[in-house]
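Trainee: sequence first, predicted model second:
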Amino acid sequence: MTGVVTTQAVRPLYPTSGTVSSAVDDGSSPQITLLRPFFYFGRTYNSIYVNHNGHLTFTGPLSEYRSQRFPQGIRDIIAPFWTDLDNRGNGQIYYNQYTSGTVLQQATRDINQYFPGLNFNANWVFVATWYEVAYYPTSGTRTTVQAVLISGDQHSFLLMNYGIIASTTLNIQAGYDTIGSTHYYVLPGSFTSAASGSNSNFRLGSNVNEPGRWAFRTDHGSTGCTFNGKTAGYRGQLLLQPLCYISLQSCVNHNGHLTFDAPWSSYTPQLFPMYGFRDIIAPFWTDLDNRGNGQVYYNQYTSGSVLQQATQDINQYFPGLNFNANWVFVATWYQVAYYPLTGTVNHLLLNYAINMNPVYSPFFHPWIILTKCNRRVLKFPSQQQCQCARSLGLQDGPWIKRLYFQW
Ligand SMILES: [Ca+2]
(Lines give C-alpha, C1' and ligand atoms only; values in the text may rest on other atoms or scores of the structure.)
Protein backbone atom coordinates (compact mmCIF):
# COMPACT_ATOMS: atom_id res chain seq x y z
CA MET A 1 0.00 0.00 0.00
CA THR A 2 1.26 3.46 -0.80
CA GLY A 3 0.06 6.83 0.35
CA VAL A 4 0.79 10.52 0.47
CA VAL A 5 0.37 12.99 3.30
CA THR A 6 2.46 15.82 1.95
CA THR A 7 4.53 16.14 -1.18
CA GLN A 8 5.96 19.46 -0.06
CA ALA A 9 8.27 19.83 2.88
CA VAL A 10 6.57 21.34 5.91
CA ARG A 11 9.48 22.38 8.04
CA PRO A 12 11.08 20.75 9.79
CA LEU A 13 9.54 17.69 8.11
CA TYR A 14 10.41 16.30 4.71
CA PRO A 15 7.54 15.10 2.51
CA THR A 16 5.53 12.25 4.02
CA SER A 17 4.66 9.72 1.34
CA GLY A 18 5.51 6.34 -0.05
CA THR A 19 4.90 2.81 1.09
CA VAL A 20 2.69 2.41 4.17
CA SER A 21 3.90 -0.22 6.59
CA SER A 22 1.49 -2.80 8.02
CA ALA A 23 -0.79 -1.86 10.94
CA VAL A 24 0.93 -4.23 13.36
CA ASP A 25 1.93 -3.38 16.92
CA ASP A 26 5.68 -3.91 17.39
CA GLY A 27 5.90 -4.77 13.69
CA SER A 28 8.41 -3.82 11.03
CA SER A 29 8.60 -3.16 7.36
CA PRO A 30 9.93 -5.95 5.18
CA GLN A 31 13.58 -5.69 4.24
CA ILE A 32 13.87 -2.55 2.12
CA THR A 33 16.57 -2.64 -0.57
CA LEU A 34 18.32 0.71 -0.73
CA LEU A 35 18.79 2.23 -4.18
CA ARG A 36 22.18 3.58 -3.07
CA PRO A 37 24.48 2.26 -0.36
CA PHE A 38 24.35 4.08 2.96
CA PHE A 39 27.61 4.63 4.83
CA TYR A 40 27.13 4.36 8.57
CA PHE A 41 30.24 4.91 10.67
CA GLY A 42 32.53 2.51 8.85
CA ARG A 43 29.94 0.06 7.61
CA THR A 44 28.07 0.14 4.34
CA TYR A 45 24.44 -0.98 4.20
CA ASN A 46 22.32 -1.85 1.21
CA SER A 47 19.08 -2.56 3.05
CA ILE A 48 17.14 -1.25 6.02
CA TYR A 49 14.13 -2.02 8.22
CA VAL A 50 11.64 0.56 9.43
CA ASN A 51 10.53 -0.68 12.84
CA HIS A 52 7.18 0.39 14.23
CA ASN A 53 8.48 1.44 17.65
CA GLY A 54 10.38 4.41 16.26
CA HIS A 55 13.71 3.05 15.07
CA LEU A 56 15.59 1.89 11.98
CA THR A 57 17.89 -1.13 11.85
CA PHE A 58 20.01 -2.53 9.03
CA THR A 59 20.63 -6.24 9.41
CA GLY A 60 17.22 -7.40 10.63
CA PRO A 61 13.92 -6.11 11.99
CA LEU A 62 13.68 -5.13 15.66
CA SER A 63 10.40 -5.41 17.54
CA GLU A 64 11.73 -4.07 20.85
CA TYR A 65 9.30 -1.57 22.35
CA ARG A 66 11.23 -0.97 25.57
CA SER A 67 13.56 1.90 24.79
CA GLN A 68 17.19 1.31 25.71
CA ARG A 69 19.66 3.95 26.78
CA PHE A 70 22.48 4.73 24.37
CA PRO A 71 25.32 3.85 24.27
CA GLN A 72 24.17 0.27 24.12
CA GLY A 73 26.79 -0.90 21.65
CA ILE A 74 25.09 -4.02 20.38
CA ARG A 75 23.77 -2.88 17.02
CA ASP A 76 23.76 -0.15 14.45
CA ILE A 77 20.48 1.66 15.05
CA ILE A 78 18.93 4.99 14.21
CA ALA A 79 16.20 5.85 16.69
CA PRO A 80 14.42 9.14 16.18
CA PHE A 81 11.81 8.12 18.78
CA TRP A 82 12.30 4.73 20.42
CA THR A 83 9.28 4.07 22.60
CA ASP A 84 6.18 1.87 22.60
CA LEU A 85 4.21 3.09 19.59
CA ASP A 86 1.11 1.43 18.20
CA ASN A 87 -0.11 2.05 14.66
CA ARG A 88 -3.15 -0.28 14.78
CA GLY A 89 -5.72 2.38 15.69
CA ASN A 90 -4.49 5.64 14.23
CA GLY A 91 -1.32 6.67 12.46
CA GLN A 92 0.67 5.33 9.53
CA ILE A 93 4.32 4.57 9.06
CA TYR A 94 5.61 5.65 5.65
CA TYR A 95 8.90 5.08 3.91
CA ASN A 96 10.13 6.33 0.60
CA GLN A 97 13.41 6.81 -1.25
CA TYR A 98 14.34 9.35 -3.86
CA THR A 99 17.09 9.46 -6.49
CA SER A 100 15.91 12.59 -8.30
CA GLY A 101 13.63 15.56 -7.92
CA THR A 102 12.95 18.27 -5.41
CA VAL A 103 13.65 16.16 -2.34
CA LEU A 104 17.26 15.74 -3.49
CA GLN A 105 17.52 19.48 -4.07
CA GLN A 106 16.17 20.10 -0.60
CA ALA A 107 18.64 17.63 0.93
CA THR A 108 21.54 19.17 -1.01
CA ARG A 109 20.57 22.64 0.19
CA ASP A 110 20.12 21.56 3.80
CA ILE A 111 23.39 19.62 4.04
CA ASN A 112 25.44 22.37 2.43
CA GLN A 113 23.91 24.81 4.90
CA TYR A 114 24.65 22.64 7.93
CA PHE A 115 28.03 21.30 6.75
CA PRO A 116 29.58 24.07 4.66
CA GLY A 117 32.70 23.47 2.61
CA LEU A 118 31.86 19.97 1.44
CA ASN A 119 30.25 21.00 -1.85
CA PHE A 120 27.79 18.21 -1.22
CA ASN A 121 25.44 16.83 -3.84
CA ALA A 122 22.74 14.45 -2.63
CA ASN A 123 22.02 11.58 -5.00
CA TRP A 124 19.80 9.56 -2.67
CA VAL A 125 17.38 10.33 0.12
CA PHE A 126 15.46 7.87 2.28
CA VAL A 127 12.60 9.15 4.42
CA ALA A 128 10.84 7.18 7.14
CA THR A 129 7.91 8.90 8.86
CA TRP A 130 5.98 7.72 11.87
CA TYR A 131 2.95 9.86 11.08
CA GLU A 132 0.41 10.69 13.78
CA VAL A 133 1.10 7.34 15.43
CA ALA A 134 -0.40 6.53 18.86
CA TYR A 135 1.34 5.40 21.97
CA TYR A 136 0.54 1.83 23.02
CA PRO A 137 -2.15 0.69 23.47
CA THR A 138 -4.11 2.50 20.74
CA SER A 139 -4.21 5.57 22.93
CA GLY A 140 -5.56 7.83 20.22
CA THR A 141 -2.62 10.20 20.67
CA ARG A 142 -0.89 11.51 17.56
CA THR A 143 2.90 11.83 17.33
CA THR A 144 4.89 12.54 14.16
CA VAL A 145 8.64 11.95 13.85
CA GLN A 146 10.88 11.39 10.87
CA ALA A 147 14.29 10.01 10.00
CA VAL A 148 15.95 11.16 6.77
CA LEU A 149 19.03 9.36 5.41
CA ILE A 150 21.00 11.23 2.76
CA SER A 151 23.87 10.00 0.57
CA GLY A 152 26.10 11.50 -2.10
CA ASP A 153 29.79 11.87 -2.99
CA GLN A 154 30.91 9.24 -0.46
CA HIS A 155 29.25 11.25 2.28
CA SER A 156 26.21 10.35 4.30
CA PHE A 157 24.02 12.27 6.68
CA LEU A 158 21.12 11.73 9.00
CA LEU A 159 18.34 14.16 9.84
CA MET A 160 15.86 13.61 12.63
CA ASN A 161 12.77 15.77 12.22
CA TYR A 162 10.06 16.25 14.82
CA GLY A 163 6.44 17.27 14.31
CA ILE A 164 3.80 17.29 17.04
CA ILE A 165 4.80 15.02 19.92
CA ALA A 166 1.96 13.92 22.19
CA SER A 167 2.56 13.82 25.91
CA THR A 168 3.38 10.50 27.56
CA THR A 169 5.04 9.07 30.63
CA LEU A 170 6.70 6.34 28.56
CA ASN A 171 10.50 6.37 28.37
CA ILE A 172 11.77 7.69 25.06
CA GLN A 173 15.25 7.32 23.61
CA ALA A 174 16.13 9.54 20.66
CA GLY A 175 19.49 9.36 18.95
CA TYR A 176 21.68 6.80 17.26
CA ASP A 177 24.07 4.07 18.30
CA THR A 178 26.60 1.77 16.65
CA ILE A 179 28.11 -1.64 17.19
CA GLY A 180 30.59 -1.13 20.01
CA SER A 181 29.24 2.42 20.36
CA THR A 182 32.22 3.81 18.45
CA HIS A 183 29.80 6.56 17.57
CA TYR A 184 26.53 7.41 19.27
CA TYR A 185 24.41 10.39 20.08
CA VAL A 186 21.62 10.96 22.58
CA LEU A 187 19.26 13.83 21.90
CA PRO A 188 19.02 16.00 25.01
CA GLY A 189 15.79 15.25 26.81
CA SER A 190 15.82 11.51 26.15
CA PHE A 191 14.53 9.50 29.12
CA THR A 192 13.23 12.68 30.77
CA SER A 193 9.92 14.50 30.92
CA ALA A 194 11.36 16.90 28.32
CA ALA A 195 11.08 14.20 25.65
CA SER A 196 7.37 14.50 24.92
CA GLY A 197 4.52 16.98 25.01
CA SER A 198 4.26 20.54 23.79
CA ASN A 199 7.60 21.40 25.42
CA SER A 200 9.48 18.44 23.93
CA ASN A 201 13.10 19.35 23.51
CA PHE A 202 13.23 17.24 20.37
CA ARG A 203 10.56 19.47 18.85
CA LEU A 204 11.74 22.80 20.24
CA GLY A 205 15.48 22.11 20.20
CA SER A 206 17.97 21.63 17.37
CA ASN A 207 21.67 21.26 16.70
CA VAL A 208 21.39 23.23 13.46
CA ASN A 209 19.41 26.22 14.68
CA GLU A 210 16.15 25.00 13.17
CA PRO A 211 13.63 23.89 15.81
CA GLY A 212 12.64 20.26 15.47
CA ARG A 213 15.57 19.32 13.24
CA TRP A 214 18.74 17.48 14.23
CA ALA A 215 21.47 16.84 11.66
CA PHE A 216 24.41 14.44 11.80
CA ARG A 217 27.17 13.33 9.49
CA THR A 218 27.39 9.54 9.51
CA ASP A 219 30.22 8.60 7.14
CA HIS A 220 32.97 8.86 9.74
CA GLY A 221 34.44 5.42 9.83
CA SER A 222 37.51 3.30 9.79
CA THR A 223 39.53 1.43 7.24
CA GLY A 224 38.68 -1.77 9.01
CA CYS A 225 41.88 -2.14 11.01
CA THR A 226 41.37 -3.65 14.40
CA PHE A 227 43.58 -4.02 17.45
CA ASN A 228 42.52 -6.22 20.34
CA GLY A 229 39.12 -6.36 18.75
CA LYS A 230 38.80 -2.60 18.68
CA THR A 231 39.05 -0.28 15.76
CA ALA A 232 42.46 1.30 15.72
CA GLY A 233 44.73 3.41 13.66
CA TYR A 234 43.13 5.49 11.01
CA ARG A 235 39.67 6.02 12.35
CA GLY A 236 38.61 9.46 11.34
CA GLN A 237 36.62 11.48 8.97
CA LEU A 238 37.16 10.80 5.32
CA LEU A 239 38.13 13.97 3.55
CA LEU A 240 37.22 14.44 -0.05
CA GLN A 241 37.55 18.18 -0.09
CA PRO A 242 39.98 20.32 1.83
CA LEU A 243 38.32 21.18 5.08
CA CYS A 244 38.91 23.98 7.50
CA TYR A 245 38.08 23.93 11.14
CA ILE A 246 36.39 27.21 11.71
CA SER A 247 37.25 27.21 15.38
CA LEU A 248 40.80 25.96 14.99
CA GLN A 249 41.55 27.56 11.65
CA SER A 250 43.29 24.40 10.52
CA CYS A 251 42.95 23.04 7.01
CA VAL A 252 43.93 19.56 5.88
CA ASN A 253 45.07 19.84 2.28
CA HIS A 254 45.39 16.91 -0.05
CA ASN A 255 48.94 17.53 -1.18
CA GLY A 256 50.44 16.62 2.19
CA HIS A 257 50.22 19.83 4.15
CA LEU A 258 48.18 21.68 6.74
CA THR A 259 47.45 25.37 6.62
CA PHE A 260 45.68 27.57 9.10
CA ASP A 261 44.12 30.53 7.41
CA ALA A 262 42.55 28.91 4.34
CA PRO A 263 42.73 25.69 2.35
CA TRP A 264 45.60 25.60 -0.10
CA SER A 265 45.71 23.42 -3.19
CA SER A 266 49.40 23.94 -4.01
CA TYR A 267 50.99 20.76 -5.29
CA THR A 268 54.36 22.34 -6.04
CA PRO A 269 56.53 22.07 -2.94
CA GLN A 270 58.54 25.14 -2.03
CA LEU A 271 61.77 25.40 -0.12
CA PHE A 272 61.56 26.46 3.48
CA PRO A 273 61.90 29.03 4.78
CA MET A 274 59.25 30.72 2.71
CA TYR A 275 59.83 33.91 4.69
CA GLY A 276 56.44 34.66 6.00
CA PHE A 277 54.40 33.57 3.05
CA ARG A 278 52.06 31.55 5.24
CA ASP A 279 51.98 29.24 8.24
CA ILE A 280 52.21 25.70 7.00
CA ILE A 281 52.95 22.24 8.38
CA ALA A 282 54.05 19.97 5.58
CA PRO A 283 54.82 16.36 6.49
CA PHE A 284 55.04 15.43 2.82
CA TRP A 285 54.42 18.29 0.45
CA THR A 286 54.33 16.94 -3.05
CA ASP A 287 51.81 16.23 -5.75
CA LEU A 288 49.57 13.59 -4.18
CA ASP A 289 46.41 12.20 -5.72
CA ASN A 290 43.79 10.40 -3.64
CA ARG A 291 41.32 9.77 -6.44
CA GLY A 292 42.57 6.29 -7.26
CA ASN A 293 43.87 4.88 -4.02
CA GLY A 294 44.42 6.31 -0.60
CA GLN A 295 42.37 8.43 1.74
CA VAL A 296 42.99 11.57 3.69
CA TYR A 297 41.69 11.34 7.24
CA TYR A 298 41.58 13.72 10.12
CA ASN A 299 40.39 13.26 13.63
CA GLN A 300 40.61 15.10 16.89
CA TYR A 301 40.47 13.76 20.37
CA THR A 302 39.73 15.37 23.71
CA SER A 303 39.62 12.18 25.75
CA GLY A 304 40.68 8.56 25.67
CA SER A 305 43.75 6.55 24.88
CA VAL A 306 45.08 8.88 22.19
CA LEU A 307 45.47 11.64 24.78
CA GLN A 308 47.29 9.22 27.08
CA GLN A 309 49.55 8.24 24.23
CA ALA A 310 50.33 11.86 23.37
CA THR A 311 50.99 12.65 27.04
CA GLN A 312 53.40 9.71 27.31
CA ASP A 313 55.19 10.58 24.09
CA ILE A 314 55.67 14.24 24.85
CA ASN A 315 56.86 13.60 28.40
CA GLN A 316 59.33 11.08 27.04
CA TYR A 317 60.69 13.44 24.40
CA PHE A 318 60.54 16.60 26.48
CA PRO A 319 61.07 15.50 30.06
CA GLY A 320 60.52 17.81 32.97
CA LEU A 321 57.50 19.64 31.66
CA ASN A 322 54.82 17.56 33.35
CA PHE A 323 52.87 17.81 30.16
CA ASN A 324 49.24 16.73 29.95
CA ALA A 325 47.70 16.59 26.52
CA ASN A 326 44.06 17.57 26.44
CA TRP A 327 43.68 17.77 22.71
CA VAL A 328 45.18 15.80 19.84
CA PHE A 329 44.64 16.36 16.18
CA VAL A 330 45.68 13.63 13.74
CA ALA A 331 45.82 14.07 9.99
CA THR A 332 46.68 11.01 7.95
CA TRP A 333 47.39 10.83 4.26
CA TYR A 334 46.84 7.12 4.09
CA GLN A 335 48.19 5.03 1.22
CA VAL A 336 47.84 8.01 -1.07
CA ALA A 337 49.29 7.81 -4.57
CA TYR A 338 51.47 10.31 -6.35
CA TYR A 339 49.75 12.23 -9.10
CA PRO A 340 48.38 11.08 -11.46
CA LEU A 341 46.79 7.89 -10.12
CA THR A 342 50.04 5.98 -9.99
CA GLY A 343 48.91 3.35 -7.53
CA THR A 344 51.92 4.09 -5.34
CA VAL A 345 51.40 3.93 -1.60
CA ASN A 346 52.60 6.52 0.88
CA HIS A 347 52.02 6.45 4.60
CA LEU A 348 52.04 9.75 6.32
CA LEU A 349 50.95 10.45 9.80
CA LEU A 350 50.82 13.83 11.34
CA ASN A 351 50.09 13.96 15.00
CA TYR A 352 49.45 17.31 16.44
CA ALA A 353 49.14 17.51 20.18
CA ILE A 354 48.28 20.57 22.11
CA ASN A 355 48.04 21.21 25.79
CA MET A 356 45.60 23.96 26.49
CA ASN A 357 44.99 23.12 30.10
CA PRO A 358 45.78 26.13 32.28
CA VAL A 359 45.93 23.94 35.39
CA TYR A 360 49.03 22.21 34.13
CA SER A 361 50.48 24.90 31.99
CA PRO A 362 50.20 28.63 32.54
CA PHE A 363 51.37 29.12 28.98
CA PHE A 364 50.14 27.81 25.72
CA HIS A 365 52.31 24.77 24.96
CA PRO A 366 51.57 23.33 21.58
CA TRP A 367 53.60 20.41 20.35
CA ILE A 368 53.77 18.69 17.09
CA ILE A 369 54.94 15.20 16.33
CA LEU A 370 55.48 14.49 12.72
CA THR A 371 55.87 10.98 11.50
CA LYS A 372 56.71 10.19 7.95
CA CYS A 373 57.12 6.79 6.51
CA ASN A 374 57.04 5.14 3.17
CA ARG A 375 55.99 1.59 2.52
CA ARG A 376 59.21 0.21 3.99
CA VAL A 377 59.02 2.23 7.15
CA LEU A 378 56.57 1.36 9.76
CA LYS A 379 57.61 2.64 13.10
CA PHE A 380 54.24 4.11 13.76
CA PRO A 381 53.81 6.33 16.76
CA SER A 382 51.70 3.82 18.55
CA GLN A 383 51.64 0.12 18.97
CA GLN A 384 48.06 0.20 17.81
CA GLN A 385 48.91 1.86 14.56
CA CYS A 386 51.87 -0.44 14.10
CA GLN A 387 49.66 -3.45 14.65
CA CYS A 388 47.13 -1.96 12.34
CA ALA A 389 49.74 -1.51 9.65
CA ARG A 390 50.95 -5.05 10.08
CA SER A 391 47.42 -6.25 9.66
CA LEU A 392 47.50 -4.54 6.30
CA GLY A 393 50.41 -6.74 5.28
CA LEU A 394 53.15 -4.18 5.86
CA GLN A 395 56.39 -4.78 7.71
CA ASP A 396 58.59 -2.82 10.05
CA GLY A 397 61.30 -0.91 8.27
CA PRO A 398 64.77 0.25 9.14
CA TRP A 399 64.28 3.96 9.20
CA ILE A 400 61.85 6.52 10.34
CA LYS A 401 61.79 10.22 10.56
CA ARG A 402 60.13 11.63 13.58
CA LEU A 403 60.54 15.29 14.10
CA TYR A 404 59.49 17.13 17.18
CA PHE A 405 58.88 20.76 17.48
CA GLN A 406 57.93 23.17 20.17
CA TRP A 407 56.85 26.68 19.58
CA1 LIG B 1 4.43 -1.04 20.13
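Mentor: Done, it's in. The structure presented is a predicted model; accordingly, all values stated were derived computationally and were not measured. Numbering: from 1, shown residues only.

Trainee: return the set of residues that bridge with the spatially closest residue to residue 29 that is not a sequence neighbour.
Mentor: For residue 29, the nearest residue in space outside its immediate sequence neighbours is residue 50; the separation is 4.1 Å by C-beta to C-beta, 6 or more residues apart in numbering. Yep, even glycine has a C-beta here, placed from its N, CA and C like the rest. Beta-bridge partners of residue 50, counted by DSSP bridges, are residue 56.

Trainee: burial count for residue 50?
Mentor: Using other C-beta atoms under 10 Å, residue 50 has 24 other residues around it.

Trainee: could you number the chain from 629 rather than 1 from now on?
Mentor: Understood, numbering begins at 629; the last thing we discussed is residue 678.

Trainee: give the contact list for it.
Mentor: Shown here is residue 678, whose contacts under the criterion C-beta atoms under 8 Å, 6 or more residues apart in numbering are 649, 656, 657, 660, 684, 721, 723, 756.

Trainee: number of nearby residues for the fifth one?
Mentor: Here the number of neighbours of residue 684 (other C-beta under 10 Å) works out to 25.

Trainee: how close does it sit to the ion?
Mentor: Computed with C-beta to the ion, to the nearest Å, the distance linking residue 684 and the ion is 15 Å.

Trainee: what residues does the protein have near the ion?
Mentor: For the chain, the contact set with the ion under C-beta under 5 Å from the ion comprises 653, 654, 681, 693, 712, 714, 764.

Trainee: any of the residues you listed buried? List them.
Mentor: 653, 654, 681, 693, 712, 714, 764 (16 or more other C-beta atoms under 10 Å).

Trainee: will you turn those into a markdown table that also has distance to residue 936 and pLDDT?
Mentor: Output for these, formatted as a markdown table (distance: C-beta to C-beta, whole Å; pLDDT from 0 to 100):
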| residue | distance to residue 936 | pLDDT |
| --- | --- | --- |
| 653 | 48 | 97 |
| 654 | 44 | 97 |
| 681 | 40 | 98 |
| 693 | 40 | 97 |
| 712 | 42 | 98 |
| 714 | 48 | 97 |
| 764 | 46 | 96 |
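
Trainee: make TSV out of the residues you listed and add secondary structure.
Mentor: Formatted as TSV, the entries for these read as follows, by DSSP: H, G, I helix; E, B strand; the rest coil:
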residue	secondary structure
653	coil
654	coil
681	coil
693	coil
712	coil
714	strand
764	coil
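
Trainee: secondary structure element holding whatever residue of the stretch 779-928 of the chain ends up closest to the ion?
Mentor: Residue nearest to the ion within the stretch 779-928 of the chain (C-beta to the ion): residue 798, separated by 10.0 Å. Applying DSSP states H and E as the criterion places residue 798 outside every helix and strand.

Trainee: nearest spatial neighbour of it, chain-adjacent residues omitted?
Mentor: Nearest in space to residue 798, with sequence neighbours left out and distances taken as C-beta to C-beta, 6+ apart, is residue 711 at 4.8 Å.

Trainee: which residues touch the one you found?
Mentor: With C-beta under 8 Å, 6+ apart as the criterion, the residues that contact residue 711 are 681, 682, 693, 695, 763, 796, 798, 799, 800, 801.

Trainee: just among these, which is most surrounded?
Mentor: Sorting the contacts of residue 711 by how many neighbours each has (other C-beta under 10 Å) puts residue 800 first, at 28 neighbours.

Trainee: contact partners for that one?
Mentor: For residue 800, the contacting residues are 682, 695, 709, 710, 711, 818, 819, 823, 824, taking C-beta under 8 Å, 6+ apart as the criterion.

Trainee: got the buried residues for stretch 712-731?
Mentor: Burial within stretch 712-731, assessed by neighbour count using 16+ other C-beta under 10 Å, is assigned to 712-716, 718-726, 731.

Trainee: any low-confidence regions in the stretch 729-878 of the chain?
Mentor: Flagging of the stretch 729-878 of the chain using pLDDT under 70 yields the residue ranges 849-878.

Trainee: the residue in it that the ion sits nearest to: what's it in contact with?
Mentor: With C-beta to the ion as the measure, residue 764 is the residue of the stretch 729-878 of the chain nearest to the ion, at 4.5 Å. With contacts defined as C-beta under 8 Å, 6+ apart, the neighbours of residue 764 are 653, 693, 712, 713, 714, 798.

Trainee: and these, which two are furthest apart?
Mentor: The two members of these with the most space between them (C-beta to C-beta) are 653 and 798, at 13.9 Å.

Trainee: point out where the stretch 929-1035 of the chain drops to low pLDDT.
Mentor: Going by pLDDT under 70, which is the cut-off in play, the stretch 929-1035 of the chain has low-confidence ranges at 969-1035.

Trainee: which stretches of the stretch 779-928 of the chain form helices?
Mentor: Secondary structure of the stretch 779-928 of the chain (DSSP state H, counting those that start in this stretch): helices at 829-832.

Trainee: ok, and what's touching stretch 639-648?
Mentor: Residues outside stretch 639-648 that contact it (C-beta under 8 Å, 6+ apart) are 629-637, 657, 720-725, 731, 734, 753, 755, 757, 759, 772, 774, 776, 787, 789-791, 834, 838-841.

Trainee: confirm that residue 739 lies within a helix, as I assumed.
Mentor: Yes: assigned with three-state DSSP, residue 739 falls within a helix.

Trainee: could you find the closest non-adjacent residue to residue 883?
Mentor: residue 895 (4.5 Å).

Trainee: ditto for residue 830
Mentor: Nearest non-adjacent residue to residue 830 (C-beta to C-beta, 6+ apart): residue 790, at 4.5 Å.

Trainee: so the one you found sits right up against residue 776, yeah?
Mentor: No: with contact defined as C-beta atoms under 8 Å, residue 790 does not count as touching residue 776 (11.8 Å).

Trainee: so the residue of the stretch 779-928 of the chain closest to the ion is in contact with residue 710, correct?
Mentor: No: contact between residue 798 and residue 710 fails when scored by C-beta under 8 Å: they sit 10.0 Å apart.

Trainee: identify the contacts common to these two.
Mentor: residue 695.
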